[in-house]
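Undergrad: Turn this into a model:
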Amino acid sequence: SNTVYLEHYFTCGDEGTYPDALEPMPEHFNLPADVNQAIYVRAKTEKDTKPGYYSAIITLKQDDSVLFRGEIWAHVWNFVLPDATSCLTAVGIDAGDASVGGSVSINAYDPNSSYKEYYDFILENYRVNAYKLPYDFNDSRADEYLDNPKIQKYLVGASAAGSANCGSSLSRLKTAYGKLSQKQEWMDKALFYVTDEPTTQDVLDTAITRINNVRSVFGEDAKIIIPMDSINDKSGNSMLDTMKDYINVWCFSPLPLSTSNGLRKVKSVMKEGDELWGYVACNPLPSTDYLNVFITKQGLKSREIFWELQRNGSDGFLYWNCNYWRQIKKNPWEDMLTLQDSNEGPIYGDGSLLYPGEYLGTPGPIGTIRFECIRDGLDDYDYIEIAKSLGLQSVTDEMIDKVVRRFAISMNDPDEFAKLRIEL
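TA: Below you'll find the model as predicted:
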C-alpha cells in the first residue's frame, strides 16, 4: 500500500527552513512560482508480497494541464522483517494527568483525538512502543495490547499516561501485579522507570527505595531502567558502583558511551541477563556532532542512532516524549522551538516527533520525517540482526564501522549510506 504526503516546512530561527511534518496529500494544494515542494511517498509491503521491482506513475496537474509526469519505483527484497522489532523501544506520549489514556483528549491543540489514537499511530506506522498502554491494566480492553507481540515493553507504576517516573504506592504496584502475573509474557514486558538522569546520592537513595518497593511485589527480576547522562554523580562518585545491584536495564545518553573506556566501565558492572539501552534528549546539543533527532539535524543522523546501538551491543532505545508541545502549551505548527538552552540557544523539535492534526482539519497525530528515519533505523537494526543470524557478523561489523565510529563520528553522505544498505 502507498501513502502520499506533502512535506511541511518550518522556519527554525537563524538555522533556516527545514521539512518535518508529513501532511496527508490533499486533492489540491497551492504551489507558488519558483518554490520547491517535496512530496513524500511511503510504500509498505505485506509479508506475501512477491520480491521484485514495483513502479507507479505520479502526475501533477493544474486544472486539465499536465505539468509533470514521472515514474517512481520500489524494490521488494526476498526476506521478511519480524513483526516485533529486534531493538526494544519505549517512548513517551504526554497526555497530561490522565491515568487512563484511551478516551482522553491529547490536549487543546488536538481536542478531538485520544491518547489511544497517538499510541496506535506510532505502533503501526513507526513500530515503536509508547511508555503507557492506552488503558489501565485491569481494563479488559488492555488485554489486546498486552497480548500483541509487537508490544514488547510498557511502563508499570507511572502515575499518569504521560508520566515516566515510577513513584507508585505499593497498592498500585500490587494492583498491576494482580493482572500482569496472570501471564508470564505480560510480566516479561513490564518495565519500571524509577527516576530520570540522577546526579546526586539523594536521588539515587530515593530510586533505591522505589526499586525495593517494586521488587517486594514483582520480585528480584523486575526490569529496572534509569536513563543516565553520566557515569559519575556531581561529587565524582561512580553511580555504576552504587546501582549495580539494583539496575538491570542500563540506559545511557551518547555522552557516557562516547569513549571505549566509558562503554567498558558500563559493561563491567552488567550481570548476565542485563540489558543495555540508549537514549537521546536535549543533550547532546545540536551544535555538536553527536547523533540526535532535532529538526535541524541531518535526517541520516536519526537513522544512524540504531547503527550505533548495534555497535555498542545495545538492546533498546528510549525517547522521552513525542509531543512535548502539549506540556509547554505551544502550537508546534507555528513554532517548533521546544527548548531554549542557556548556552546553546534555541533547540528545535526536542521531545516533539508528532504534530496535532486538528490544525489541518483532520484530528489525530501527524507524523514526521524524523520519525520515518527512526523507523528506518529500526528496520536497519533488524537487517543487521538477520545477517548476524546467518553467520555474517564479521561482515556487519565492518559495515557498522563504516557508518558510525562512536556517536560523534558518523557517515554524512546519504548516497554512500544507501549503497551500504543495499549491500547489507
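Undergrad: Lowest-scoring secondary structure element of this protein by mean pLDDT?
TA: In the chain, no helix or strand scores lower on mean pLDDT, DSSP states H and E than strand 337-341, which sits at a mean of 87.
Undergrad: Now it: buried residues?
TA: Neighbour-count burial for strand 337-341, counted by 16 or more other C-beta atoms under 10 Å, picks out 337-339. C-beta: built from backbone N, CA, C; applies to glycine.
Undergrad: Next: stretch 325-341.
TA: Residues of stretch 325-341 classed as buried: 325-326, 330, 332-333, 335-339 (neighbour count, 16+ other C-beta under 10 Å).
Undergrad: again with stretch 34-46
TA: In stretch 34-46, counting by 16+ other C-beta under 10 Å, buried: Tyr40.
Undergrad: what's next to it, contact-wise?
TA: For stretch 34-46, the external contacting residues (C-beta atoms under 8 Å, 6 or more residues apart in numbering) are 1-7, 19, 22, 25, 29, 31, 54, 58, 72, 74, 76, 369, 372.
Undergrad: got the end-to-end distance for it?
TA: 39 Å (C-alpha to C-alpha, to the nearest Å).
Undergrad: sorry, back to before: can you list the buried residues of strand 337-341 in a markdown table and add distance to Asp196?
TA: Shown next, in a markdown table, are these (distance: C-beta to C-beta, whole Å):
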| residue | distance to Asp196 |
| --- | --- |
| Leu337 | 23 |
| Thr338 | 17 |
| Leu339 | 16 |
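Undergrad: Which of those sits closest to Asp229?
TA: Checking those against Asp229 with C-beta to C-beta, the nearest one is Leu339 at 15.0 Å.
Undergrad: And the closest one, how close does it get to Glu197?
TA: 15 Å (C-beta to C-beta, to the nearest Å).
Undergrad: Of the buried residues of strand 337-341, which is the nearest to Arg127?
TA: Of all the buried residues of strand 337-341, the one sitting nearest Arg127 is Thr338; the distance, using C-beta to C-beta, is 23.9 Å.
Undergrad: how close does the closest one sit to Gln393?
TA: 39 Å.
Undergrad: now do Val80
TA: In terms of C-beta to C-beta, Val80 sits 21 Å off from Gln393.
Undergrad: cool, Pro24 as well?
TA: 41 Å.
Undergrad: One more: Ala56?
TA: Using C-beta to C-beta, Ala56 is found at 37 Å from Gln393.
Undergrad: same deal with Ile328?
TA: Counting by C-beta to C-beta, the gap from Ile328 to Gln393 is 44 Å.
Undergrad: Which of the contacts of stretch 34-46 fall in strands?
TA: Judged by DSSP state E, the contacts of stretch 34-46 include 2-7, 19, 22, 54, 58, 72, 74, 76 as members of strands.
Undergrad: Which member of the residues you listed is positioned nearest Asn343?
TA: For those, the nearest to Asn343 is Pro19 (27.6 Å; C-beta to C-beta).
Undergrad: which residues touch that closest one?
TA: 7-10, 38, 369.
Undergrad: Which positions in the longest helix seen in the chain come out as buried?
TA: Counting residues, the longest helix in the chain under DSSP state H turns out to be helix 369-389. By 16+ other C-beta under 10 Å, the buried positions in helix 369-389 come out as 369-386, 388.
Undergrad: Excluding chain neighbours, give the residue nearest to Asn376 in space.
TA: Wrong residue type there; residue 376 is Asp, not Asn. Nearest residue to Asp376 in three dimensions, chain neighbours excluded: Arg303, at 5.3 Å (C-beta to C-beta, 6 or more residues apart in numbering).
Undergrad: actually Thr175, not the one I typed
TA: Of all residues not flanking Thr175 in the chain, Asn138 sits nearest, at 6.6 Å (C-beta to C-beta, 6+ apart).
Undergrad: Need the three-state assignment for the one you found.
TA: Under DSSP: H, G, I helix; E, B strand; the rest coil, Asn138 falls in the coil class.
Undergrad: Count the residues that sit near it.
TA: By other C-beta atoms under 10 Å, 11 other residues sit near Asn138.
Undergrad: phi, psi of it?
TA: Main-chain dihedrals, Asn138, degrees, to the nearest 10: phi -80, psi 0.
Undergrad: Next one: it from Tyr177, what distance?
TA: Between Asn138 and Tyr177 the distance is 11 Å, computed by C-beta to C-beta.
Undergrad: Weed out the non-buried ones from the contacts of stretch 34-46.
TA: 5-7, 19, 22, 369, 372.
Undergrad: Closest one to Glu398 out of those, please.
TA: Nearest member of the buried ones among the contacts of stretch 34-46 to Glu398, counting by C-beta to C-beta, is Glu372, at 26.8 Å.
Undergrad: Do a quick rundown of the helices in the stretch 51-200 of the chain.
TA: Using DSSP state H, counting those that start in this stretch, the helices found in the stretch 51-200 of the chain span residues 115-126, 143-147, 170-180, 184-188.
Undergrad: how about the CA coordinates for the third one, as PDB?
TA: The C-alpha atoms that make up helix 170-180 are tabulated as PDB, following Å, rounded to 0.1, in the frame of the first residue of the first chain:
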ATOM      1  CA  LEU A 170       2.600  -0.500  47.000                       C
ATOM      2  CA  SER A 171      -1.100  -0.700  46.400                       C
ATOM      3  CA  ARG A 172      -0.800   0.500  42.800                       C
ATOM      4  CA  LEU A 173       2.000  -1.900  42.200                       C
ATOM      5  CA  LYS A 174       0.100  -4.800  43.800                       C
ATOM      6  CA  THR A 175      -3.000  -4.000  41.600                       C
ATOM      7  CA  ALA A 176      -0.800  -4.100  38.500                       C
ATOM      8  CA  TYR A 177       0.800  -7.300  39.600                       C
ATOM      9  CA  GLY A 178      -2.600  -8.900  40.200                       C
ATOM     10  CA  LYS A 179      -3.300  -8.500  36.400                       C
ATOM     11  CA  LEU A 180       0.100  -8.900  34.800                       C
END
